[in-house]
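Engineer: Got a predicted structure plus its sequence, pasted below:
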Amino acid sequence: MSKIRVLVVDDHAIVRDGIYALLGLMADMELVGEAANGREAIEKVEKLMPDVVLMDVAMPLMDGLEATRRICKQFPRTKVIALTQYDDHEFVFPMFEAGARGFICKTAASSELVTAIRAVHRGDSYLSPSVARIFVEGYQQHLDLTKEHDPYYQLTNREREVLKLLAEGYTTQEVARMLVLSPKTVDRHKTSLMAKLDIHNRADLIKYAIRKGIITVS
């Protein structure tokens with residue numbers, strides 16, 4: 001079985017030497033080259049065609065972000081793993097947007113680095129636990145912003161119930177019986193939810209419910 005060909009890019013020789021020693025212990029991996037900056041990394045990728053690049057972020061001449069962007073565009077079969085001491089939003093999201101398939105902190109255990117290389121080589125992604133937390137927090141912030149600007153999340157629970165039942169075709173009187181409310185109360189909820197959603201008739205209400213996944217059409 002062919003070995004995973006790895007290129008390490010870091011402006012600190014001690015880091016490159018440490019990774020070289022580590023990969024030398026792995027039967028399924030080999031370090032095929034080293035680079036001290038992003039510009040050199042691109043040249044080495046073109047020459048050596050490694051399977052995986054371990055890419056530092058902060059380097060002279062050309063940083064890891066720009067190098068990753070160019071490598072992923074020019075050599076799509078080569079996978080990049082960001083290897084850095086920084087694990088905050090400022091570095092994590094731009095590296096993944098540039099095309100990196102993994103993100104490992106330099107404080108991680110050597111076994112984690114090996115796991116990441118194998119995962120990315122077989123087509124998966126890999127995140128250090130601290131980086132995974134950043135992604136979860138980022139996704140939660142995205143959801144919060146979505147809810148803040150989506151009028152559906154401004155509806156009360158009762159208005160959502162009324163919306164669903166009306167969209168399913170029940171009359172005001174039927175909804176009132178099902179929810180144990182008076183027809184006037186149901187009408188009040190109906191008027192309120194339609195105003196919040198800027199919907200003005202039953203047909204548009206049904207279309208909205210379908211788009212939102214509130215009801216399905218068989």
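Structural biologist: Cool, the structure landed.

Engineer: which residues of the chain fall in helices?
Structural biologist: 13-23, 38-48, 64-74, 89-98, 110-121, 129-149, 157-167, 172-179, 183-197, 202-212 (DSSP state H).

Engineer: count of neighbours near the closest residue to H200 other than its chain neighbours?
Structural biologist: Computed as C-beta to C-beta, 6 or more residues apart in numbering, the closest residue to H200 that is not its neighbour in sequence is M194, at 6.7 Å. Using the backbone N, CA and C atoms, a C-beta is placed for each residue, glycine as well. For M194, the neighbour count with other C-beta atoms under 10 Å is 20.

Engineer: Can you verify my assumption that M194 contacts Y208?
Structural biologist: No: between M194 and Y208 there is no contact under C-beta atoms under 8 Å: 9.6 Å.

Engineer: that older thread, quick one: which of the helices of the chain is nearest L31?
Structural biologist: Nearest of the helices of the chain to L31, taken as C-beta to C-beta: helix 13-23 at 4.8 Å.

Engineer: Need the contact partners of that closest one.
Structural biologist: 6, 8, 10, 29-31, 34, 36, 54, 56, 106, 110, 113-114 (C-beta atoms under 8 Å, 6 or more residues apart in numbering).

Engineer: Make CSV out of the helices of the chain and add distance to S2 and mean pLDDT.
Structural biologist: Formatted as CSV, these follow (distance: least, C-beta to C-beta, whole Å; pLDDT from 0 to 100):
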stretch, distance to S2, mean pLDDT
helix 13-23, 15, 91
helix 38-48, 14, 96
helix 64-74, 21, 94
helix 89-98, 27, 79
helix 110-121, 11, 93
helix 129-149, 29, 67
helix 157-167, 56, 91
helix 172-179, 65, 93
helix 183-197, 58, 92
helix 202-212, 49, 88
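
Engineer: Mean neighbour count, those: which tops it?
Structural biologist: Most buried of these by mean neighbour count (mean count of other C-beta atoms under 10 Å) is helix 64-74; its value is a mean of 20.

Engineer: Against which helices or strands is that helix packed?
Structural biologist: helix 38-48, strand 52-55, strand 79-84, helix 89-98 (3 or more C-beta pairs under 8 Å, 6 or more residues apart in numbering; DSSP states H and E).

Engineer: Kindly export it (C-alpha atoms) in PDB.
Structural biologist: What follows is helix 64-74 as a C-alpha-only set of coordinates in PDB (Å, rounded to 0.1, in the frame of the first residue of the first chain):
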ATOM      1  CA  GLY A  64      -0.500  30.200   5.100                       C
ATOM      2  CA  LEU A  65      -3.800  31.600   4.200                       C
ATOM      3  CA  GLU A  66      -2.800  32.800   0.800                       C
ATOM      4  CA  ALA A  67      -0.700  29.700   0.200                       C
ATOM      5  CA  THR A  68      -3.700  27.500   1.100                       C
ATOM      6  CA  ARG A  69      -5.900  29.400  -1.200                       C
ATOM      7  CA  ARG A  70      -3.500  29.000  -4.200                       C
ATOM      8  CA  ILE A  71      -2.700  25.300  -3.500                       C
ATOM      9  CA  CYS A  72      -6.400  24.300  -3.200                       C
ATOM     10  CA  LYS A  73      -7.200  26.100  -6.400                       C
ATOM     11  CA  GLN A  74      -4.200  24.900  -8.500                       C
END
